[in-house]
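[1] Please work out how this folds:
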Amino acid sequence: MTPLERAEAKFGWKLVAPTILILGLLILYPLMYNVYLSFFDVQLNGYKTFVGLENYIKLLSNTDYYSAIGTTSLYLLGTVAGTTLLGLAMALLLKDPFKGRGLVNAAIMLPYVAPVISVVFGWQFLFDPISGVVNYLFVDLFGIWSERTNLIGNPDSALWVVVLFDIWKHAPIAYLLILSKLVSISRDQYEAAAIDGYGPVGRFFHVTLPELYFVLATVVLLRLIWNLNRFEDVYLLAPNVQTLPIFTYYQAFTGVIDQGLAAATSVIQLAVLSVFIWFYIKKIMKW
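    Below you'll find the model as predicted:
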């Protein structure tokens, strides 16, 4: 390395040093402190007693923790698959220009940009067992159900309400990402596939899907990462659905407060997230 290159490298580090310092303070320090807390019994008065791996052993013997893992797995499976498939379907239907397309795109994006607190209250009204639209349709109008049901109050059905809510709210971002790639696919590829004898289904599997590999993989992995950490949507709509973030919150701030156990839960969740992030960076972005 020449003296000029060394000087430029040194100057570059000086430029990024403030950013690295800020990121370290805002991200790295809280993460490391959370790992530190996971090895202690933390009292509300701030007093800490070192317990080693006791919090992890206690957590791994907690049946509620495994129940939260199961709930989270179903939530991730339903939301990631639903969001990706709905986004793909909408993108395929709306990829060709038509009059009013901009208005339709704006309407599709509304759930994603709307404040979560307002749309959550709207959904709670829809599923209200007394005056909700859903119970009115299925009980009074169509007679599919024999009696009104509190779908959000029942943890089993509340999970699927939360899944539907997440798909409805976050499918627009999947649609936008997929559509941006769809419109860039050359028509020549479709014409060549048609000449080779492929129909609409064949062109989809031999042209469209290969071109969408990167963006579909990105949507799936990013949705996994985001939803594994998803707290506000689930807690505001149905706090009885104990995904891992909700379970961690209850351990840390409600009932018999155990912040050391909550920290251990977060550390394990961070490890899982790190695997997803590593896979995304190495296999999808190919850095």
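
[2] tell me the SS of the residue nearest the centre of the chain?
    The residue lying closest to the centre of the chain (CA atoms, centre = their mean) is Asn227, at 2.3 Å. Assigned by DSSP: H, G, I helix; E, B strand; the rest coil, the conformation of Asn227 is helix.

[3] ditto for Asp41
    Under three-state DSSP, Asp41 comes out as strand.

[4] thinking again about what came up before, now for the residue nearest to the centre of the chain: which residues touch it?
    Residues near Asn227 by CB atoms under 8 Å, 6 or more residues apart in numbering: Tyr75, Leu76, Thr79, Val80, Asp166. Any C-beta I mention is one placed from the backbone N, CA and C, and that applies to glycine too.

[5] let's see 10 Å
    72, 75-76, 78-80, 83, 163, 166, 170, 233-234, 243, 245 (CB atoms under 10 Å, 6 or more residues apart in numbering).

[6] so what pLDDT did it get?
    Looking at Asn227, its pLDDT is 92.

[7] can the contacts of Asn227 go into a markdown table with extra columns for neighbour count and secondary structure?
    Output for these, formatted as a markdown table (neighbours: other CB atoms under 10 Å; DSSP: H, G, I helix; E, B strand; the rest coil):
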| residue | neighbour count | secondary structure |
| --- | --- | --- |
| Thr72 | 23 | helix |
| Tyr75 | 22 | helix |
| Leu76 | 19 | helix |
| Gly78 | 18 | helix |
| Thr79 | 25 | helix |
| Val80 | 24 | helix |
| Thr83 | 26 | helix |
| Val163 | 23 | helix |
| Asp166 | 24 | helix |
| His170 | 24 | helix |
| Asp233 | 20 | helix |
| Val234 | 26 | helix |
| Thr243 | 27 | coil |
| Pro245 | 21 | helix |
